[in-house]
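Student: pasting a predicted model and its sequence here:
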Amino acid sequence: MSGSGLPLQHGRFDRIDLLRAAAMVWMTVFHFCFDLNHFGFIEQNFYRDPFWTWQRTAIVSLFLFTAGLSQAVAWHQGQSWTRFWRRWAQILAAALLVTAGSMLMFPRSYIYFGVLHGIAAMLVIVRLSAGWGPWLWIAGASALIAPHLAPHLMAAWPSAEVLNKPMLNWLGLISRKPVTEDYVPLLPWLGIMWWGMAAGQWTLQHRPGWLHGAGKASGPIHRAFVVLGRWSLSYYLLHQPVMIGMLMLLVWVTSRA
């Protein structure tokens, strides 16, 4: 029996991989535009323009919701802690690579708690709370609300300003956004992953076909997206160095023309 008490259904769930792949494609377009802006090919404000900031929020939300769905499936299938920690270690290693790479490119605003760092921390919490059942919905809502209360907390207790410091701002209870190229703290984002876990558990119990059915779209594009979804971590690490390298080459060629 699985951790959820439901019959085991082993194997990959193509529709989760497709959802993850959609997030990857959207992220790639977003990052390519960001890179074009960085190298001066376009002029956009990725930090304040709602057109870009809302896209970032939607992309990260899709990533984390899908991660929650995947954890629901893993828990349902009885995934061992050994296998969990093996995958977790890969994500943590990837997060450290992102930090190292961002230090080279953005020394004054490098990434110290971005999406991979956040996912690594959230996965442990979500795995430990997998048995909460419907309470996951309430926990998720609480996580989404909590950051909005932080400024009021700091106004009432000035000593709580310590939460704005880098050693604690990864919690997300801040009144000032830190200077970093990617910031995905536990709060409010843990709420999205908790909702993904809750939605996955409900779907596996009531509508399992929504996740594991291949459907009629099983052509080459479908298969390509499934593969992308399954190799998302490798793709995540490689896509930016490749695009940045290509743009650097383009800048070099045009400067010598």
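Tutor: Yep, it's here.

Student: which stretches of the stretch 1-150 of the chain form helices?
Tutor: Ranges of helices in the stretch 1-150 of the chain, per DSSP state H, counting those that start in this stretch, are 14-38, 50-76, 81-105, 115-128, 135-156.

Student: residue 182 and residue 114: what is the separation?
Tutor: 3 Å (CB to CB, to the nearest Å). Heads up, the C-betas are built off the backbone N, CA and C, glycines and all.

Student: what touches both of these two?
Tutor: Residues touching both residue 182 and residue 114 (CB atoms under 8 Å, 6 or more residues apart in numbering): 98, 102.

Student: please name every helix or strand in contact with the helix-or-strand element of the chain with minimal mean pLDDT.
Tutor: Ranking every helix and strand in the chain by mean pLDDT, DSSP states H and E puts helix 209-212 at the bottom, with a mean of 77. When contacts are defined as 3 or more CB pairs under 8 Å, 6 or more residues apart in numbering; DSSP states H and E, helix 209-212 packs onto helix 14-38, helix 186-206.

Student: return the distance of it from the chain's centre.
Tutor: Relative to the centre of its chain, helix 209-212 is centred 22 Å away, using CA atoms, centre = their mean, to the nearest Å.

Student: over to stretch 26-40?
Tutor: Counting by CA atoms, centre = their mean, stretch 26-40 comes out at 18 Å from the chain centroid.

Student: tell me the buried residues in it?
Tutor: 27-28, 30-35 (16 or more other CB atoms under 10 Å).

Student: next one: stretch 153-173
Tutor: Within stretch 153-173, the residues that count as buried by 16+ other CB under 10 Å are 154, 160, 163-164, 169-173.

Student: in strands only, show me those residues.
Tutor: Among the buried residues of stretch 153-173, none falls in strands (DSSP state E).

Student: which of the residues you listed lies closest to residue 49?
Tutor: Among the buried residues of stretch 153-173, residue 172 lies closest to residue 49 (CB to CB), at 22.7 Å.

Student: what comes into contact with the least confident helix or strand of the chain?
Tutor: 9, 11, 13-16, 69, 73, 200, 203-204.
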